[in-house]
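1. coordinates only, sequence not included:
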Ligand code: AMP
């Protein structure tokens, strides 16, 4: 079973994806983590990555695609995975050779997201980079919601609650989905 997380910056995707990964015993693929790790290599690609990420811009689709596909060739993902931060563009969704069974959308306003990120204080959590990431999110990533909704696999969860409440909301959606899947099978 493959589950993707979508939502704006600060919606709690990473936190919830990690919790769900532990709960379902499925490995987590965090594209941001993969990219941050790659950025530490001191070569041209690493340097470009650091610059792009610190500005809050999206990394080139081909490079992201290559990194993610490479990672997913590992047998540890053969039973499925939880994806955090991928896909972020329609182009990535189209090219990717794995499709989601379920997409969890953490519905959160920009205002709440910004407040959370400023408290977190990661290297790319400057007001400028956050604004850039949100603007790109609305332009490039948000259209994916309609795409997955049309496929009937989008689950919307209110992301403006506590970590525990959001996680309960996610588990409820998964239970509903499993039930409807059973009905489909009978
Ligand atoms: P995240 O850890 O998901 O907040 O991502 C941090 C940064 O990594 C983003 O601002 C982008 O620069 C880059 N990034 C993460 N995922 C992707 C992706 N799927 N496509 C392009 N860039 C990405």
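-> Cool, got the structure. Please read these numbers as outputs of a predicted model, since none were measured by experiment.
2. quick one: the helices in the protein?
-> Assignment of helices within the chain using DSSP state H yields the ranges 13-24, 31-39, 44-55, 61-72, 90-95, 110-120, 127-136, 143-150, 163-185.
3. report the contact partners of whichever residue of the chain sits closest to the ligand.
-> The shortest separation between the chain and the ligand is 2.0 Å, found at residue 32 (distances taken as CB to the nearest ligand atom). Where you see a C-beta, it was placed from the backbone N, CA and C, and this is true even at glycine. Contact criterion CB atoms under 8 Å, 6 or more residues apart in numbering gives 14, 84, 85 as the residues in contact with residue 32.
4. considering those, which possesses the most neighbours?
-> Among the contacts of residue 32, the one with the most neighbours (other CB atoms under 10 Å) is residue 84, at 24 neighbours.
5. OK, contacts around that residue?
-> Residue 84 makes contacts with 5, 13, 14, 17, 18, 28, 29, 30, 31, 32, as judged by CB under 8 Å, 6+ apart.
6. just the buried residues of those.
-> Among the contacts of residue 84, those that count as buried by neighbour count (16 or more other CB atoms under 10 Å) are 5, 13, 14, 17, 28, 29, 30, 31, 32.
7. what's the closest of these to residue 161?
-> Within the set of these, residue 13 lies nearest residue 161; the separation is 14.3 Å, counting by CB to CB.
8. now that closest one: closest residue in space, sequence neighbours ignored.
-> Taking CB to CB, 6 or more residues apart in numbering as the measure, residue 13 lies nearest to residue 5, with 4.4 Å between them; neighbours along the chain are not counted.
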